[in-house]
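Peer 1: okay, predicted coordinates and the sequence, questions at the end:
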Amino acid sequence: MNYEIEYFHPSIKADINGWPKSIKADFRKISLLLVEYGPQVRMPHTKAMGDGLFEMRPQGRDGIGRVFYCYVKGKKIIILHSFIKKTQKTPQKELQLARKRLQEVQ
């Protein structure tokens, strides 16, 4: 039941590659879980945000990252947006950008 991960834009992958090592390592761990188990991966690793949008929740000693993604036909996972959290609550502009990209993918 392997899934394939794709990026909405190459800049998202570059952004994640620039993250601190501890957050990036957790991102890779969660990504491997998603590739193997797909939508069966739940909290604390992922969270459903509604309307087909999901949030990957990598964290490490260097902080907290967030990655928004969606599933599309053919067992594909599309990474829509990523950022490092600087506040307790997810900023609305980050969520809005992910939702806009989700609409483009759908």
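Peer 2: Sure, I can see it. Residues are numbered from 1 along each chain as shown.
Peer 1: CA only for contacts and neighbour counts going forward, please
Peer 2: Fine.
Peer 1: can you list the buried residues in the helix or strand that contains A48?
Peer 2: Per DSSP states H and E: A48 is located in strand 46-50. In terms of neighbour count (16 or more other C-alpha atoms under 10 Å), strand 46-50 has its buried residues at T46, A48.
Peer 1: who does it touch, helix- and strand-wise?
Peer 2: The contact analysis (3 or more C-alpha pairs under 8 Å, 6 or more residues apart in numbering; DSSP states H and E) places strand 46-50 against strand 53-56.
Peer 1: strands paired with the strand it packs on, and their directions?
Peer 2: Partner strands and pairing direction for strand 53-56 (DSSP bridges) are strand 46-50 (antiparallel), strand 63-72 (antiparallel).
Peer 1: return the distance of the first one from the chain's centre.
Peer 2: By that I understand strand 46-50. 10 Å (C-alpha atoms, centre = their mean, to the nearest Å).
Peer 1: only C-alpha atoms, please: export the strand holding A48 in CSV.
Peer 2: In CSV, the C-alpha atoms belonging to strand 46-50 read as follows (Å, rounded to 0.1, in the frame of the first residue of the first chain):
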residue,chain,number,x,y,z
THR,A,46,-0.7,14.1,11.2
LYS,A,47,-4.0,16.0,11.7
ALA,A,48,-7.0,16.4,9.4
MET,A,49,-7.7,20.1,8.7
GLY,A,50,-11.0,19.5,6.8
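Peer 1: residue contacts, T46?
Peer 2: If you count contacts by C-alpha atoms under 8 Å, 6 or more residues apart in numbering, T46 has them with F54, E55, M56, R57.
Peer 1: run the last query once more with 10 Å
Peer 2: Going by C-alpha atoms under 10 Å, 6 or more residues apart in numbering, T46 touches 30, 34, 39-40, 54-58, 66-69.
Peer 1: buried subset of these?
Peer 2: Those of these that meet the buried threshold are I30, L34, P39, F54, E55, M56, R57, P58, R66, V67, F68, Y69, by 16+ other C-alpha under 10 Å.
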